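what follows is a predicted structure for the sequence shown.
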Amino acid sequence: MRGVTVVDHPLVQHKLTLMRDKSRSTKGFRQLLNEIGMLLLYEVTRDLPLESIEIDTPLTRMSAPQLAGKKLVLAPILRAGVGFLDGMLELVPSARVAHVGLYRDPETLSAVEYYFKAPSDLEDRLVLVLDPMLATANSAIAAVDRLKERGARELRIVCLLAAPEGIANFQAMHPEVPIWTAAIDERLDEHGYIVPGLGDAGDRMFGTR
């Protein structure tokens, strides 16, 4: 599917299967989401630019690569998106964090904003929007709209699961923003949940209903 990268690494697929199991504990689900977030970040950042710097090793002086430019912005969509955050910050502890608070109206399935806080210089940074479930994509669309309003120019979506309907809806609104996901599932049900999916990621991560 154009504009969508499915991360089919065996560790990602194995951990995703463990997460789908309805008997997985809240602690286990949360830990797996953290671990998959770390693994997905490896793939999403594969093309980050590098620059050479001069350093001294214990034996000699050398030219070595390091990340070029300003650091990443991780933008989790509250609440489930924060499940990716700790694992990703383990890899890039200097990343800045934007928080996008959205909830899905149970009647209309539209995204309603209740909180937004982001760095002031988004236009100079790569922004990764973290949304474990790209179902209807209404939340992801609203988050990208808001981040673009704030100045973001280079964005990427990172999700655990995506539905074909959600991908189509998102790409209709933001065709230039690429998507990374661990799997594309079959469809949405009448309530806007991904099938076969794994249920509500936020509820399973926090032990709520």
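Yep, it's here.

for the rest of this, base every contact and every neighbour count on C-alpha atoms.
Noted.

moving C-terminal of the longest helix anywhere in the chain, what's the next helix or strand?
Criterion DSSP state H: the longest helix present in the chain is helix 26-44. Using DSSP states H and E, the helix or strand that directly follows helix 26-44 along the chain is strand 50-56.

partner strands of that next one and their direction?
Partners of strand 50-56 in the sheet, by DSSP bridges, are strand 61-67 (antiparallel).

buried residues, the longest helix of the chain. List them.
Within helix 26-44, the residues scored as buried using 16 or more other CA atoms under 10 Å are 26, 29-41, 44.

do the same with stretch 196-204
197-199, 201-202, 204.

just to revisit the earlier point, elements contacting the longest helix of the chain?
helix 10-20, helix 85-91, strand 179-184, helix 201-206 (3 or more CA pairs under 8 Å, 6 or more residues apart in numbering; DSSP states H and E).

deepest of these, which one?
strand 179-184 (a mean of 22; mean count of other CA atoms under 10 Å).

still on that earlier bit, okay if I get the buried residues of stretch 196-204 as JSON lines plus distance to Ser110 and pLDDT?
As requested, those are exported to JSON lines (distance: CA to CA, whole Å; pLDDT from 0 to 100):
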{"residue": "Gly197", "distance to Ser110": "20", "pLDDT": "93"}
{"residue": "Leu198", "distance to Ser110": "21", "pLDDT": "93"}
{"residue": "Gly199", "distance to Ser110": "19", "pLDDT": "89"}
{"residue": "Ala201", "distance to Ser110": "18", "pLDDT": "88"}
{"residue": "Gly202", "distance to Ser110": "17", "pLDDT": "85"}
{"residue": "Arg204", "distance to Ser110": "21", "pLDDT": "90"}
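
can you name the two of these that are farthest apart?
The most widely separated members of the buried residues of stretch 196-204, counting by CA to CA, are Gly197 and Gly202 (13.1 Å).

in this protein, where is pLDDT below threshold?
Counting by pLDDT under 70, the chain has low-confidence residues at 109.

and the longest strand for it?
Taking DSSP state E as the criterion, the chain has its longest strand at strand 154-162.

after that strand, next one along is what?
Past strand 154-162, the next helix or strand by DSSP H and E is helix 164-173.

and the angle from that following helix to strand 154-162?
Helix 164-173 and strand 154-162 are oriented at 170 degrees to each other (axes from the mean of the first three to the mean of the last three CA atoms, to 10 degrees).

show me what helix 164-173 is packed against.
helix 138-149, strand 187-188.
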